[in-house]
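J.: Okay, structure incoming, though there's no sequence with it:
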């Protein structure tokens with residue numbers, strides 16, 4: 001999950017800072033992370049509202065994958081880790097599938113923590 005989130009943050013920073021050419025980067029990474037390709041395709045197709053909603057979903061997936069990765073490392077909140085693995089699936093489907101499987105398998109190793117007592 002963390003790898004998917006960090007990969008996409010670096011991808012976005014390199015595109016927006018113009019370190020790498022956006023067209024070339026999208027053409028080379030569409031297999032790993034196809035969602036930006038779909039967003040651009042929908043946006044250039046004339047449906048800017050749908051492209052904006054998809055971009056928001058992509059950014060939410062990045063945030064979820066990082067937060068869920070932290071939950072998974074700390075083994076505290078299984079639901080948060082599962083949400084993070086779904087966010088990783090949105091960002092990088094190959095890593096997201098692995099994250100979903102590993103999170104589902106390791107459910108028993110998460111510690112149940114009470115919200116009220118903190119224990």
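T.: It's in. Note that the structure is a prediction, hence the values are computed from the model and not measured.
J.: Could you list the low-pLDDT ranges of the protein?
T.: The model of the chain has pLDDT under 70 over residues 20, 22-23, 25-32, 37, 40-41, 113-119.
J.: Please, where are all the helices along it?
T.: In order along the chain, the chain carries the following helices (DSSP state H): 2-16, 22-29, 35-44, 48-74, 78-91, 93-105.
J.: What residues of the fourth one count as buried?
T.: Buried residues in helix 48-74, counting neighbours by 16 or more other Cβ atoms under 10 Å, are found at 51, 54-55, 58-59, 61-62, 64-72. C-beta coordinates here come from the backbone N, C-alpha and C atoms, glycine included.
J.: Check the last one too.
T.: The neighbour-count criterion (16+ other Cβ under 10 Å) identifies 93, 95, 96, 98, 99, 100, 103 as the buried residues of helix 93-105.
J.: for stretch 88-105, the distance to its chain's centre please.
T.: Centroid separation for stretch 88-105 versus its chain: 9 Å, with Cα atoms, centre = their mean, to the nearest Å.
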